[in-house]
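[1] With the sequence up front, the predicted model follows.
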Amino acid sequence: MAKKATQESPLDLLRVRNIGIIAHIDAGKTTVTERVLYYAGKIHRMGEVHDGAATTDYMDQERERGITITAAAVTAFWRGYQINLIDTPGHVDFTAEVQRSLRVLDGGVVVFDGVAGVEPQSETVWRQADQYHVPRICFVNKMDRVGADFERCVSMIIDRLKASPVIIQLPYGSGTDFGGIIDLVDMKLVTYGDDLGESIEHKDIPADVRDMAETARAEMIEKIIETDEALTDKFLNEEPITDEELLRALRNSTIKGVIQPVMCGSALKNKGVQLLLDAVVDYLPSPLDVPPIEGINPKSDEPQSRSASDDEPLSALVFKIVTDPFVGRLAFFRVYSGVIEAGSTVLNTTKDRKERIGRVVRMFADRREDVTEVHAGDIAATLGLKATFTGETLADQHAPILLEDITFPEPVIFVAIEPKTKADQDKMGIALSKLAEEDPTFVVRTDDQTGQTLISGMGELHLEVLVDRLKREFKVDATVGKPRVSYRETIAQAARGDGRFVRQTGGSGQYGHAIIELEPLPADSTEDIVVENEIVGGSIPKEYIKAVMDGIREAAQSGVMAGYPVVRVRAAIVDGSYHEVDSSELAFKIAGSMALKDAFSKGKPMLLEPYMQVEVVVPEEYAGDVIGDLSARRANIGGMETRVDGVASVRAEAPLGEMFGYATNLRNMSQGRGSFTMEFDKYEPVPESLTQTIVRGG
């Protein structure tokens with residue numbers, strides 16, 4: 001009973017860390033997480049990803065593929081500090097999981113592969129962390145692998161990520177000679193007396209690397225001092241600077257995001273993880289170290305902020321929904337202020353609806369531990385929310401606040417899916433809606449022309465996993481079509497469109513008439529379609545303007561050329577006419593739709609296709625074949641880099657439509673020794689020679 005009471009009593013927020021482990025696929029995030037749980041006493045045996053036994057990879061699909069698919073939340077304790085830790089996916093198809101986790105975390109550990117260095121998804125997660133101002137520690141993993149190069153990895157962090165790394169540890173040897181870690185803060189060599197990494201020994205730094213360590217420490221001190229005015233003055237006046245002052249400055253600068261401490265180790269060989277945990281506690285922020293959360297009053301639209309305190313009114317953000325086949329919908333939330341209690345009623349300010357909090361649980365991957373309340377600064381989950389989804393705010397009914405939503409990337413690929421039997425049809429609708437509730441980048445729609453159900457996602461693996469879940473978890477038998485690219489439509493020049501809808505029947509007729517001007521928006525615009533009213537003089541009455549706008553937006557959603565959404569276009573309603581008796585909202589909605597189609601057809605319509613950032617890693621002897629093959633797929637080759645271990649990395653931008661089935665092709669080309677990663681970059685015009693083929697194919 002005592003243990004439960006401790007967990008439900010108010011937290012000392014200075015002793016809480018909400019962190020995420022983020023990285024490129026295969027950098028070793030889940031292995032690091034597994035070691036953290038082991039050393040924190042949460043598990044008594046370390047599971048391995050390659051054996052399908054990792055604690056946070058609890059889904060069947062994760063264990064079979066050896067990758068993380070869904071962000072798993074766990075709570076562990078280290079040195080008396082509570083660490084709420086989220087192990088996020090590294091595969092680009094599941095980037096939404098990283099996005100929503102970073103939105104609610106205070107700090108992050110970015111794991112890098114000591115051999116590969118900074119990889120494409122490392123860049124993506126770094127940019128996402130920048131977007132949410134998340135302070136970071138860098139952990140260069142896999143220092144025991146042949147070809148591991150710590151210095152090269154740090155150089156790549158500077159060059160590719162434009163970051164300010166501060167080296168606080170050096171590897172003692174690398175590859176098969178990796179024997180320990182040189183701690184530049186304590187100036188000790190840390191070695192391990194057993195395979196489990198529990199027998200830690202602190203020794204004097206050997207003479208053969210002493211000079212190198214002292215030079216590296218001087219550089220570390222210089223970089224830390226640069227971030228602190230008081231220490232800079234002390235340094236210039238040649239006054240002594242204590243280790244405590246240095247560490248305080250290192251912590252403050254890390255929390256501000258000015259610098260990122262760099263550490264090293266080998267999670268698989270159980271080296272360096274306890275030191276990483278120490279750094280999480282010492283350098284990453286508590287909920288009190290981050291600025292108060294900003295939001296608006298939903299009634300007055302005035303800015304508001306809430307500090308991390310139990311005494312403030314409740315504000316919490318739901319960042320993830322999970323459908324559990326046994327207990328129902330589980331909503332993960334982060335409490336920014338106030339307290340959430342089991343059985344209490346709160347307000348969903350996004351929808352202005354009251355919600356009753358059912359059971360409140362602290363998560364341990366797929367296991368749950370009931371608690372009666374969750375305090376400010378903490379992360380937990382609740383069962384029983386009826387209408388609350390990802391990105392929505394829960395607040396005190398008497399002091400509402402609306403927090404910023406989470407934005408997600410658009411899906412770039414879709415497939416048609418059909419149930420095999422009538423029974424499957426009913427189940428499929430329910431299952432797809434549940435999966436779409438969980439995953440904001442998974443979109444379900446019905447094709448108006450064919451009546452087919454289309455599911456869209458971030459890539460082939462994303463859809464493959466969702467279809468697999470459909471069959472296993474929801475017992476739906478379905479036939480899935482071939483993946484197809486989600487194109488977009490736009491115009492190349494401004495045009496004017498006239499839409500006139502007239503129907504005369506026995507009684508009163510229908511009359512709506514709208515004239516619009518379309519113009520293309522810049523290529524870097526993220527807008528879909530901007531609709532504005534520029535009517536002067538009341539040629540269309542005010543009450544019908546919204547109907548015209550709705551008609552334009554609806555027509556843009558289903559496209560004009562080939563049924564793909566219209567993007568990067570501004571539509572201005574400039575003129576029209578109406579009939580005293582026959583005009584109606586429906587007539588003007590149809591007129592708006594007709595006007596868009598008319599203007600679009602005159603504006604040099606064109607298709608846009610998703611271009612992907614591709615990085616292919618192959619033995620050097622196959623690099624020429626890879627570049628030739630990518631060029632044949634209309635790719636723009638960005639460059640090639642050769643690593644010490646004889647492996648070449650080829651970077652390119654390639655159209656998604658040409659990259660289906662590339663994995664098999666690369667396997668054949670490189671005799672199974674190549675790998676590649678692909679991430680959405682931007683939309684680019686489709687060559688005219690291909691446009692007609694795509695339009696004819698629908």
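    Arrived safely, thanks for sending.

[2] Need the residue closest to the centroid of the chain.
    Q99 (2.5 Å; CA atoms, centre = their mean).

[3] Now that one, what are its backbone angles?
    Torsion angles at Q99 (phi, psi; degrees, to the nearest 10) stand at phi -60, psi -50.

[4] Give me the pLDDT for E8.
    Note for E8: predicted pLDDT of 41.

[5] cool, and Y58?
    43.

[6] all strands for the stretch 451-600 of the chain, in order.
    For the stretch 451-600 of the chain, applying DSSP state E, counting those that start in this stretch gives strands covering 453-457, 478-480, 484-485, 488-491, 495-503, 510-520, 529-533, 569-577.

[7] Show me the strands paired with the first one, marking each as parallel or antiparallel.
    Strands that pair with strand 453-457, judged by DSSP bridges, come out as strand 413-419 (antiparallel), strand 443-446 (antiparallel).

[8] will you turn those into a markdown table that also has mean pLDDT and distance to R484?
    For the C-beta atoms, the positions are set from N, CA and C on the backbone; glycine is no exception. Listed next are the strands paired with strand 453-457 as a markdown table, based on pLDDT from 0 to 100; distance: least, CB to CB, whole Å:
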| stretch | mean pLDDT | distance to R484 |
| --- | --- | --- |
| strand 413-419 | 91 | 6 |
| strand 443-446 | 90 | 13 |
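
[9] what about the helices in the stretch 301-450 of the chain?
    422-438 (DSSP state H, counting those that start in this stretch).

[10] low-scoring stretches of it, by residue?
    When residues are selected by pLDDT under 70, those of the stretch 301-450 of the chain lie in 325-326, 364-367, 449.

[11] Check which helices and strands the helix or strand hosting A218 sits against.
    Assigned by DSSP states H and E, A218 falls within helix 207-226. Other elements packing on helix 207-226 under the criterion 3 or more CB pairs under 8 Å, 6 or more residues apart in numbering; DSSP states H and E are strand 165-167, strand 169-172, strand 180-183, helix 229-236, helix 243-256.

[12] now for the fourth one, which elements pack on it?
    With contacts defined as 3+ CB pairs under 8 Å, 6+ apart, helix 229-236 has these neighbours: helix 207-226, helix 243-256.

[13] Select the longest strand from this protein.
    strand 605-619 (DSSP state E).

[14] got the angle for that strand vs strand 413-419?
    Using axes from the mean of the first three to the mean of the last three CA atoms, to 10 degrees, the inter-axis angle of strand 605-619 relative to strand 413-419 is 100 degrees.

[15] just checking, what packs against strand 605-619?
    For strand 605-619, the packing partners by 3+ CB pairs under 8 Å, 6+ apart are strand 488-491, helix 623-632, strand 647-655, helix 662-669, strand 675-685, helix 688-697.

[16] Of the ones you listed, flag the one that's most buried.
    Highest mean neighbour count of those: strand 488-491, a mean of 23 (counted as mean count of other CB atoms under 10 Å).

[17] List the buried residues for the longest strand of the chain?
    The neighbour-count check on strand 605-619 (16 or more other CB atoms under 10 Å) flags 605-618 as buried.

[18] Just send these back as a markdown table, with pLDDT and distance to K269 too.
    What follows is these, written out as a markdown table (pLDDT from 0 to 100; distance: CB to CB, whole Å):
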| residue | pLDDT | distance to K269 |
| --- | --- | --- |
| P605 | 94 | 58 |
| M606 | 94 | 54 |
| L607 | 95 | 51 |
| L608 | 95 | 47 |
| E609 | 94 | 45 |
| P610 | 92 | 40 |
| Y611 | 93 | 40 |
| M612 | 90 | 35 |
| Q613 | 89 | 32 |
| V614 | 91 | 32 |
| E615 | 89 | 27 |
| V616 | 91 | 29 |
| V617 | 88 | 23 |
| V618 | 90 | 27 |
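
[19] Of those, which is the nearest to V140?
    V617 (17.7 Å; CB to CB).

[20] Please report the distance of that closest one from I22.
    Distance of V617 to I22, given as CB to CB, to the nearest Å: 20 Å.

[21] Select the helix or strand of the chain having the lowest average pLDDT value.
    None of the helices or strands of the chain scores lower by mean pLDDT, DSSP states H and E than helix 2-8, at a mean of 35.

[22] Am I right that V36 falls within a helix?
    Yes: counting by DSSP: H, G, I helix; E, B strand; the rest coil, V36 is part of a helix.

[23] What is the burial count for it?
    27 (other CB atoms under 10 Å).

[24] For it, list the residues it contacts.
    V36 makes contacts with 76, 78, 83, 85, 273, 276-277, as judged by CB atoms under 8 Å, 6 or more residues apart in numbering.

[25] Quick check, pLDDT for it.
    Looking at V36, its pLDDT reads 87.

[26] Now do it against F332, distance only.
    V36 is 19 Å from F332, where distance means CB to CB.

[27] Report the mean confidence score over the next helix or strand after the least confident helix or strand of the chain.
    The C-terminal neighbour of helix 2-8 among helices and strands, as given by DSSP H and E, is strand 16-23. For strand 16-23, the mean pLDDT works out to 92.

[28] Strand partners (parallel or antiparallel) of strand 16-23?
    For strand 16-23, the paired strands and their directions (DSSP bridges) are strand 81-87 (parallel), strand 107-113 (parallel).

[29] Kindly reformat the ones you listed as a markdown table containing distance to T124.
    Below are these laid out as a markdown table (distance: least, CB to CB, whole Å):
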| stretch | distance to T124 |
| --- | --- |
| strand 81-87 | 17 |
| strand 107-113 | 11 |
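
[30] Please indicate which of the ones you listed has the most neighbours on average?
    Of all the strands paired with strand 16-23, strand 107-113 has the most neighbours on average by mean count of other CB under 10 Å, namely a mean of 26.
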